[in-house]
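> The amino acid sequence is not available; the structure is as follows:
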């Protein structure tokens, strides 16, 4: 049983809060923490309650909860359904807790707590306490675990008799247990044999603590050029099997080494197989440094319940980027890599960079973007890839052109479902000074536009499906440009690209920020492009529900089926549909809206044609017409010009359905195809005709 009590007053945050930053131009990690406390809570964004429920509780799915006990410590990981702060009380007697972990400083869904200073071979009892941003406290039932007894010869203690740092872990199949905090001037641990378990014992390992100290084990033959390019916290030699890393912290020290795209990783894993890493907290701040790097991983990888906190701001090249998790899977891998239930408290560029044959799920990621094209979860490729599932993640972002979940180019066999994305745009873009990644100014161009996007889908290929996602993009200030869903197909994008049953919401918080809920763009020529399908989505905005084309490219072609378009508020700039962009001379046509529902004032009367007057801008509006008649009767539907647009026999129940065009909406003037004539005939019976105005989905009865 869970007990729920009032514990503190409601936090005084509102959705339209504005923060006044005192000292430009650099934003520290601590300031991002303040930003997250202001904007990324359920109090600040009540849509979290709509998505996850207002009843505050623990998540009890098997993978949400994980625990590992060591000799003198334990790590306990768990999840709440709403952002919250937690702590753990524990002791050697049931119900009598002598110790407490520190209270978390940020409200999050995923929680990882370290219980330290324990006795070996002893049973401990603990209870979890966590409170949400309304001040509601819940506590778990009491649980227990037993620490590992000290058995000489079964484990190797570090430091013990090992020389270092760096410490060389080279006994195949051995378990190494760290017994105290470790400070290393360069690299801390090198793992060179398979089957090794490294238990950090709840301790903190600091690497790269002195600038300019040579890395004595920088062997490219063992670690490859990326791993040997500079000191690392923990790194593994090439192709090891069955390595496990648990329970502790790895931090970049005062040396603050800068990665020129190689080295300085807290964790570097070179072509591992059968690897598990869990309960590890990683912190770093050096220029262009990334957190956890899996270099060309093989079968059986499982990274879960880790915490990554990027405290840096510097990027030299945004194409190389800085990644909290950079997980690259070998094309030869047979099994799917799992990256799940990790907490990225802050990433200056990308949270998780995925590859093929991976399942990325139930992670919580916060992006504080310092460069163009930063992502919460990113999958990029210039070649066709396969078997990627991204689901049930929670992604939050702000800054210089952040994207919640985004695709690169040429991907197939991708499923993106049940994710929650919340992006917050601001006017404080001076905070990202120098953040363009080596002078690349394509995101913040001379017009001063700072875009942010919920989901970006660029140049997809076969079997790409997004479903059940919630995407919320909010912003304020001049230059803040928002896209909930940003679609950029090209002539190679097939009709198996679908966006179904999602909720997309874009809101200008001040009447100045601009954007659209769905930005339906495109790459390359209009002619011959297969359609992208959007079906059953709820698309909400106080600015624009659907935008065809923008400064990045013209839009099309798209089929919208059974979507609900919702106008929020009464912003005078609002249009349900915009076609074209700022007078740009790009065609945009061959789109269709079928069986569209409207709420809050949205309608086909609120359309804006924004492209060059000499170009072609149009879309059709269609509705499902159901004819109920005699079984087997022939149904013929003709438009108002007498052209037959549908003809087929009714089924055994006397039903026939057809999607019938109401008309074509165009910048050159609308052309209506209705009223329609429905003719029903069967055998020798006299045909029956009926005139129908097709301006909504409807059923007509025509008996013979």
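Received, thanks. This is a predicted model, so every value here is computed, not measured.
> switch to C-alpha atoms for all contacts and neighbour counts from now on
OK.
> partners of the helix or strand containing residue 68, with directions?
Taking DSSP states H and E as the criterion, residue 68 maps to strand 66-69. Note on strand 66-69: by DSSP bridges, its sheet partners are strand 74-91 (antiparallel).
> how much space between residue 267 and residue 211?
As judged by Cα to Cα, to the nearest Å, residue 267 and residue 211 stand 19 Å apart.
> These two: who's more crowded?
Applying other Cα atoms under 10 Å to residue 267 and residue 211 shows that residue 267 carries more neighbours, namely 25 against 14.
> does that one have beta-bridge partners, and which?
residue 234, residue 292.
> Can you tell me how far it is from residue 537?
Counting by Cα to Cα - residue 267 and residue 537 are separated by 40 Å.
> Buried residues of the longest helix belonging to the chain, list them for me.
Using DSSP state H to define each element, the chain has its longest helix at helix 29-39. Buried residues in helix 29-39, counted by 16 or more other Cα atoms under 10 Å: 29, 32-33, 35-39.
> cool, and stretch 369-383?
Buried residues in stretch 369-383 (16+ other Cα under 10 Å): 369-380.
> From the contact counts, what lies against the strand or helix carrying residue 547?
Residue 547 is located in strand 544-548, with elements delineated by DSSP H and E. Counting contacts by 3 or more Cα pairs under 8 Å, 6 or more residues apart in numbering; DSSP states H and E, strand 544-548 is packed against strand 514-520, strand 564-567, strand 575-579.
> what's the most buried one of the ones you listed?
Mean neighbours per residue, mean count of other Cα atoms under 10 Å, is largest over these for strand 514-520, with a mean of 28.
> Average pLDDT for it, rounded please.
If you average the pLDDT over strand 514-520, you get 96.
> what's next to that strand, contact-wise?
479-488, 504-506, 508, 539-541, 543-550, 555-556, 558 (Cα atoms under 8 Å, 6 or more residues apart in numbering).
> again, but for stretch 462-470
With Cα under 8 Å, 6+ apart, stretch 462-470 has contacts from 51, 411-421, 493-494, 496-504.
> Next: stretch 658-666.
Applying Cα under 8 Å, 6+ apart, the contact partners of stretch 658-666 are 594, 616-626, 645-646, 670-674, 694-695.
> Whichever of those residues end up buried, select them in ChimeraX.
Selecting only the buried members of the contacts of stretch 658-666 in ChimeraX, with burial defined as 16+ other Cα under 10 Å, works like this:
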select :594,616,617,618,619,620,621,622,623,624,625,626,672,673,674,694,695
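> In helices only, show me the contacts of stretch 658-666.
For these, not one is inside helices, with DSSP H as the criterion.
> Can you flag which of the contacts of stretch 658-666 belong to strands?
594, 617-626, 645-646, 671-672 (DSSP state E).
> and the two most separated of those?
Using Cα to Cα, the pair of the ones in strands among the contacts of stretch 658-666 lying farthest apart is 617 and 626, separated by 29.9 Å.
> What segments of the chain are helices?
Using DSSP H, helices in the chain cover 29-39, 47-52, 220-227.
> Those helices: which one's closest to residue 200?
Nearest of the helices of the chain to residue 200, taken as Cα to Cα: helix 220-227 at 20.6 Å.
> Return the list of helices and strands in contact with the closest one.
Helices and strands touching helix 220-227, by 3+ Cα pairs under 8 Å, 6+ apart, are strand 234-236, strand 267-270.
> Let me see the mean pLDDT of the shortest one.
In this case it means strand 234-236. 98.
> for that strand, packing partners?
strand 189-191, helix 220-227, strand 267-270.
> Only the buried residues of that strand, if you could.
Within strand 234-236, the residues scored as buried using 16+ other Cα under 10 Å are 234-236.
> What of stretch 329-348?
329-330, 333, 336-348.
> now it: how far from the chain's centre is it?
Centroid separation between stretch 329-348 and its chain, computed with Cα atoms, centre = their mean, to the nearest Å, is 13 Å.
> Straight-line length of it, end to end?
Calculated as Cα to Cα, the first-to-last residue distance of stretch 329-348 is 23 Å.
> for the record, mean pLDDT for that stretch?
94.
> and if you look at stretch 632-644?
Rounded mean pLDDT across stretch 632-644 is 97.
> likewise stretch 194-214?
97.
> Please state the offset of that stretch from the chain centre?
Here the centre of stretch 194-214 is set off from its chain's centre by 30 Å, with Cα atoms, centre = their mean.
> Likewise for stretch 157-167?
With Cα atoms, centre = their mean, you get 40 Å for stretch 157-167.
> now for it, what's the gap between its first and last residues?
11 Å.
> what does stretch 545-554 give?
Stretch 545-554: ends 17 Å apart by Cα to Cα.
> which parts of that stretch are buried?
545-550, 553-554.
> re earlier: ok, so of the ones in strands among the contacts of stretch 658-666, who is nearest residue 99?
residue 594 (61.7 Å).
> thought that closest one was touching residue 622?
Yes: Residue 594 is within contact range of residue 622, at 4.5 Å (criterion: Cα atoms under 8 Å).
> For residue 17, report the pLDDT, please.
30.
> go on, residue 7?
33.
> swap in residue 552?
84.
> Tell me which residues touch it, please.
Contacts of residue 552 by Cα under 8 Å, 6+ apart are 521-522.
> Number the residues from 31 up from this point.
Let's use 31 as the start, then, which means that last one is residue 582.
> quick one: it from residue 237, how far?
Look at residue 582 and residue 237: by Cα to Cα, they are 43 Å apart.
> Break down the stretch 481-630 of the chain into its strands, ranges please.
Taking DSSP state E, counting those that start in this stretch to define them, one finds strands in the stretch 481-630 of the chain at 494-497, 500-505, 510-518, 527-530, 533-538, 544-550, 562-565, 568-571, 574-578, 588-591, 594-597, 605-609, 618-624, 627-629.
> now the stretch 31-180 of the chain
33-36, 96-99, 104-121, 129-130, 138-145, 153-162, 166-169, 173-176.
> May I see the ones you listed arranged in TSV, with mean neighbour count and distance to residue 201 as well?
TSV is the format used below for the strands of the stretch 31-180 of the chain (neighbours: other Cα atoms under 10 Å; distance: least, Cα to Cα, whole Å):
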stretch	mean neighbour count	distance to residue 201
strand 33-36	13	48
strand 96-99	18	22
strand 104-121	23	24
strand 129-130	16	36
strand 138-145	25	27
strand 153-162	21	30
strand 166-169	20	43
strand 173-176	15	27
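> Distance to residue 325 added to those strands, as JSON lines?
Putting the strands of the stretch 31-180 of the chain into JSON lines (distance: least, Cα to Cα, whole Å) gives the following:
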{"stretch": "strand 33-36", "distance to residue 325": "45"}
{"stretch": "strand 96-99", "distance to residue 325": "26"}
{"stretch": "strand 104-121", "distance to residue 325": "26"}
{"stretch": "strand 129-130", "distance to residue 325": "38"}
{"stretch": "strand 138-145", "distance to residue 325": "26"}
{"stretch": "strand 153-162", "distance to residue 325": "36"}
{"stretch": "strand 166-169", "distance to residue 325": "40"}
{"stretch": "strand 173-176", "distance to residue 325": "35"}
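> Of all those, which one is nearest residue 503?
Among the strands of the stretch 31-180 of the chain, strand 104-121 sits nearest to residue 503 (Cα to Cα), with 18.4 Å.
> what angle sits between the closest one and strand 153-162?
90 degrees (axes from the mean of the first three to the mean of the last three Cα atoms, to 10 degrees).
> What average pLDDT does strand 104-121 get?
98.
> hmm, back to that, of the strands of the stretch 481-630 of the chain, which approaches residue 640 most closely?
For the strands of the stretch 481-630 of the chain, the distance to residue 640 is smallest for strand 605-609, at 5.9 Å, taking Cα to Cα.
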